[in-house]
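Peer 1: What follows is a predicted structure for the sequence shown.
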Amino acid sequence: MQLFGGEWTRRELEAHTGRVEQAAGARRVVLAEGPGAGAEAIHVRTGAGLSFWVHPSRGMDIGLAEFLGTPLCWLSGAGDVHPAHFDPAGAGWLRTAAGGLLMTCGLRQVGAPCEDEGEALGIHGRIHHTAAREVGVWTEWRGDEYVIQVRGVLEESRLFGENLRMTRTCTCHAGTNRLDIEDVIENRGFEPSPLMVLYHFNLGFPLVSPDCEVDFPSRKVVARDEGVPVGGYAEWQRPEAGYTERVYYHEELDIRPSATWKRPSARASVSNREFPFGASGHSVPVRLVLSWTADTLPRLVQWKMPGAGAHVLGIEPANCYVEGRTEERRKGRLQILEPGGRVVNQLAVTVEALRQA
């Protein structure tokens, strides 16, 4: 593997360390105070600069992610909250939405609160606030490659209702700056179920700044709300108090075959040639690339929110839009997962070093 500027075999690295975790690995912890008390978290370090937290008590979502010790994402003011505090009604989701690199929305509702076929649905569904079962952390050598994997099972189930199961696997290799996420979603019930899922990636300061460049794979961009200008959707600015969020739908995506997944895929990126690290004032040019399987996630939503205290760029691959299940059904876009059916979503986050100009 490539690590710390050199090429290492397993035995060479083991000769230099007491434990491999000195270079890369994963550690499970339990939070001890405040609204997050009792929630689990898993800290993963790749040894190449990328580190992140997986939260089994919060949908197996990704919290704080850093590169070279500098944050890549935005964190909500709610902080780490145990799922017992979640209020699913109306906009209650916003009180305990944690931010972080990834918040998963779904599995049966995404977007605005609504009522569909007699069922009251709050904003963005329940999965972000669902605690995982069968949580496991594995580290193993595969030849001279050291693999770190975190897995958990999430369920949305109720008596006389849906029975959906999502198995999430997060995988990375020591010496690389790539995180792979695979979600296998199954309908284990005996009735068809709506399936709405959106991957709410939240990029923030200092990766996102007025100097960053945002690249979307779309040939057409439409504002969700009437009267919102489309111009400037890919530009960024300093925090502005009172800023009203803007939501855009990216259409006619540039979809290409993926050599890794053997499936059609799309990608978006944020580049920053002055990404700071450490206390010395030094910077490195980096690009964060988000890629996903476009056959199962054909929609791309953008949340532009350069507000004061909510200074975040949301890039959100999805199988739906964010107007709620009622609108998806009314417009004939609502996806249905049949009994025994399954969908596999694959996504990856990669941090790349750019060449100096």
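Peer 2: Ah, there it is. What you are looking at is a predicted structure, and each value in this text was computed from that prediction instead of being measured.
Peer 1: And for L207, the neighbour number?
Peer 2: For L207, the number of neighbouring residues by other C-beta atoms under 10 Å comes to 24. (Each C-beta comes from the backbone N, C-alpha and C, glycine too.)
Peer 1: brain fart, L179
Peer 2: Quick note: L179 (other C-beta under 10 Å) scores 25 neighbours.
Peer 1: cool, and A310?
Peer 2: 17.
Peer 1: All further residue positions should be reported with the first residue as 41.
Peer 2: Taking 41 as the first residue, the last one we looked at is A350.
Peer 1: so where do the helices sit in the protein?
Peer 2: Taking DSSP state H as the test, the helices found in the chain are 50-56, 133-136, 365-370.
Peer 1: Figure out which of these is closest to T336.
Peer 2: The closest of these to T336 is helix 365-370. By C-beta to C-beta, the value is 15.8 Å.
Peer 1: thinking again about what came up before, just put the helices of the chain in JSON lines and tack on distance to G215, mean neighbour count and mean pLDDT.
Peer 2: Converted to JSON lines, those look like this (distance: least, C-beta to C-beta, whole Å; neighbours: other C-beta atoms under 10 Å; pLDDT from 0 to 100):
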{"stretch": "helix 50-56", "distance to G215": "10", "mean neighbour count": "13", "mean pLDDT": "94"}
{"stretch": "helix 133-136", "distance to G215": "36", "mean neighbour count": "18", "mean pLDDT": "94"}
{"stretch": "helix 365-370", "distance to G215": "42", "mean neighbour count": "18", "mean pLDDT": "97"}
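Peer 1: Switch those helices over to a markdown table; also include distance to H122.
Peer 2: A markdown table is the format used below for the helices of the chain (distance: least, C-beta to C-beta, whole Å):
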| stretch | distance to H122 |
| --- | --- |
| helix 50-56 | 38 |
| helix 133-136 | 9 |
| helix 365-370 | 27 |
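Peer 1: closest one to L199 among those helices?
Peer 2: With C-beta to C-beta, the closest approach to L199 among the helices of the chain belongs to helix 365-370: 20.7 Å.
Peer 1: Show me how far the closest one is from its chain's centre.
Peer 2: Averaging C-alpha positions (C-alpha atoms, centre = their mean, to the nearest Å) puts helix 365-370 24 Å from its chain's average.
Peer 1: that older thread, and Q189, which of the helices of the chain is closest to it?
Peer 2: helix 50-56 (17.2 Å).
Peer 1: Excluding chain neighbours, give the residue nearest to P234 in space.
Peer 2: Leaving out its chain neighbours, the residue that sits closest to P234 by C-beta to C-beta, 6 or more residues apart in numbering is R148, at 5.0 Å.
Peer 1: Would you point out which residue is most central in the chain?
Peer 2: For the chain, L142 is the residue whose C-alpha lies nearest the centre (C-alpha atoms, centre = their mean; 2.6 Å).
Peer 1: who does that one bridge with?
Peer 2: Beta-bridge partners of L142, counted by DSSP bridges, are I102, F241.
Peer 1: cool, E196 as well?
Peer 2: Note on E196: beta-bridge partners by DSSP bridges are L204.
Peer 1: That one reaches H168, doesn't it?
Peer 2: No. With contact defined as C-beta atoms under 8 Å, E196 does not count as touching H168 (11.6 Å).
Peer 1: what about this protein, any weak spots by pLDDT?
Peer 2: 396-397 (pLDDT under 70).
Peer 1: what do you get if the cut-off is 80, keeping everything else the same?
Peer 2: 318-320, 395-397 (pLDDT under 80).
Peer 1: about what we covered before: quick one: which of E196 and H168 has more around it?
Peer 2: Using other C-beta under 10 Å as the criterion, E196 and H168 rank with H168 on top: 25 against 20.
Peer 1: how about that one, what does it touch?
Peer 2: 98-99, 101, 133, 137-138, 143-145 (C-beta atoms under 8 Å, 6 or more residues apart in numbering).
Peer 1: of those, closest to T179?
Peer 2: D101 (21.0 Å).
Peer 1: What about that closest one, how many residues nearby?
Peer 2: So D101, with other C-beta under 10 Å, has 27 neighbours.
Peer 1: Hmm, it is touching M143, no?
Peer 2: Yes. Counting by C-beta under 8 Å, D101 touches M143, with 5.5 Å between them.
Peer 1: what are the bridge partners for A308, then?
Peer 2: The partner residues for A308, given DSSP bridges, come to L330.
Peer 1: So what's the residue count around it?
Peer 2: For A308, the number of neighbouring residues by other C-beta under 10 Å comes to 24.
Peer 1: Isn't it up against F256?
Peer 2: Yes. Here A308 reaches F256: they are 5.1 Å apart, a contact under C-beta under 8 Å.
Peer 1: any residues in contact with both of the two?
Peer 2: Common neighbours of A308 and F256, counting by C-beta under 8 Å, 6+ apart, are 340, 355.
Peer 1: My read is that V268 contacts R286, right?
Peer 2: Yes. With contact defined as C-beta under 8 Å, V268 counts as touching R286 (5.4 Å).
Peer 1: Could you find the closest non-adjacent residue to E285?
Peer 2: M345 (4.7 Å).
Peer 1: how close does the one you found sit to D120?
Peer 2: 21 Å (C-beta to C-beta, to the nearest Å).
Peer 1: Same drill for these two, tell me which one is more crowded.
Peer 2: More crowded of M345 and D120, by other C-beta under 10 Å: D120, with 23 against 18.
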